[in-house]
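> sequence plus the predicted model coming up.
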Amino acid sequence: MKTLSILFILIFSLSAFGQTFSTDWQKVPMGFQGDDVEKIYRILSKSPNLKEKTEFETTADYQKRISDLSKITLPNKSADSVLTFVYHPKFDYYSSKLTSKYDADAQTLEVNLEVRTLMYLDRKSNLEFIRMPSVTVRDADLKPMGTYEGETAYGVKRTIERSLMTYYFIGISNADSFSGIKSGYDRRIKFTLPLAPAKAKEIKENLAVLYVGKLVSPFSVLIGSHHKPTVDKPRDSTVGEFILTMNVSDIWFYNSTTGEVVAKFNPKK
């Protein structure tokens, strides 16, 4: 029994993590989680190669320094490598950000992915990000920061919980290269998947997304916000959104239970 357990773990490890990603995959290995957003963010944000331009550095030298990502080592690869990020909306707090509806007559599954425009993300350009956690089944990390006594406008005293919430996302700079429906600050990117009814039902219940692409400037961005406590929600929350910025070369939709890839989309040229 012990030998069988070790063998199972070995097989699982090889299928999930031992294969180098290939754009030719027709099936995503079971257990595959892609690259780790959180680990990569921490490496990039601390890298001396990506620090802001110094006073005594020419623009040419600065551009050369930040463009040579091969000198930055990530887990099992360099920062100029192709990266893959997995999104399982079925388990994620942001599951409402990905919706789908089947048209039985046309035999197509329309998938809508909600994105948000970040204005002047790096003070020079706009980027759009798709909210995706750093691992497939984890919501935001919530760290308790103690409590304090607060008082409402009517003199009612409440114990206020202080907390720090952290999220990890990817920021896509070429989202407009995919078909989209603009809707103000928030918008949707629409994908149409030709599928027979039985297959569409199976996929709709187990839909997963794989993002494939490469890092682009500004590489790592931190956006902070603060939420004051209310009577209904006596929590004083500080929120940190840690974002990796990249160009996406492919977006895949696949069955999370079987790994079967049902559609691959490339940006429009």
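Nice, I can see it.

> now do the SS call for residue 42.
Here residue 42 is recorded as helix under DSSP: H, G, I helix; E, B strand; the rest coil.

> neighbours of it, how many?
14 (other CB atoms under 10 Å). For the C-beta atoms, the positions are set from N, CA and C on the backbone; glycine is no exception.

> need the pLDDT of it.
What the model reports as pLDDT for residue 42 is 93.

> for it, give its distance to residue 167.
14 Å (CB to CB, to the nearest Å).

> which residue ranges of this protein form helices?
Using DSSP state H, the helices of the chain run over 2-17, 37-46, 59-67, 197-205.

> quick one: contacts of the third one?
Residues from elsewhere that reach helix 59-67 (CB atoms under 8 Å, 6 or more residues apart in numbering): 49-50, 53-54, 57, 217, 219.

> may I see the PyMOL selection of the buried members of those residues?
To isolate the buried members of these in PyMOL, using 16 or more other CB atoms under 10 Å:
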select buried, resi 50+219
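
> so which of the contacts of helix 59-67 are in strands?
Mapping the contacts of helix 59-67 onto strands (DSSP state E) picks out 217, 219.

> got JSON lines for the contacts of helix 59-67, with distance to residue 64 and pLDDT too?
JSON lines is the format used below for the contacts of helix 59-67 (distance: CB to CB, whole Å; pLDDT from 0 to 100):
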{"residue": "49", "distance to residue 64": "10", "pLDDT": "92"}
{"residue": "50", "distance to residue 64": "12", "pLDDT": "92"}
{"residue": "53", "distance to residue 64": "11", "pLDDT": "87"}
{"residue": "54", "distance to residue 64": "14", "pLDDT": "89"}
{"residue": "57", "distance to residue 64": "10", "pLDDT": "93"}
{"residue": "217", "distance to residue 64": "13", "pLDDT": "86"}
{"residue": "219", "distance to residue 64": "15", "pLDDT": "90"}
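
> poorly predicted segments of the stretch 151-269 of the chain, please.
152-155, 179-186, 269 (pLDDT under 70).

> if we use 80, what do you get?
Within the stretch 151-269 of the chain, the ranges that satisfy pLDDT under 80 run 151-156, 158, 167, 175-188, 230-233, 268-269.

> return the member of the contacts of helix 59-67 nearest to residue 102.
Distance to residue 102, by CB to CB, is smallest for residue 219 among the contacts of helix 59-67, at 38.4 Å.

> mind listing what that closest one touches?
Residue 219 touches 44, 50, 66, 79, 244-245, counting by CB under 8 Å, 6+ apart.

> same question, residue 82
21, 212-214, 249.

> just residue 43 next, same as before
Per CB under 8 Å, 6+ apart, neighbours of residue 43: 72-74, 79.

> buried subset of those residues?
Judged by 16+ other CB under 10 Å, buried ones among the contacts of residue 43: 72, 74, 79.

> so what's the second one scoring on pLDDT?
Each residue has a pLDDT score; the one for residue 74 is 93.

> OK, contacts around it?
35, 39-40, 43, 81.

> next one: the last one
Residue 79 is in contact with 40, 43-44, 47, 69-70, 72-73, 215, 219, counting by CB under 8 Å, 6+ apart.

> show me which of those residues is closest to residue 258.
Nearest member of the contacts of residue 79 to residue 258, counting by CB to CB, is residue 40, at 27.7 Å.

> isn't that closest one right up against residue 244?
Yes - using CB atoms under 8 Å, residue 40 is in contact with residue 244, at 6.1 Å.

> more neighbours: those two, which one.
residue 244 (28 against 24).

> quick check: that one touching residue 44?
Yes - with contact defined as CB under 8 Å, residue 244 counts as touching residue 44 (7.2 Å).

> tell me where the chain has strands.
Using DSSP E, strands in the chain cover 73-74, 77-78, 83-87, 98-103, 108-118, 127-130, 141-151, 157-172, 180-181, 186-194, 207-227, 235-255, 261-265.
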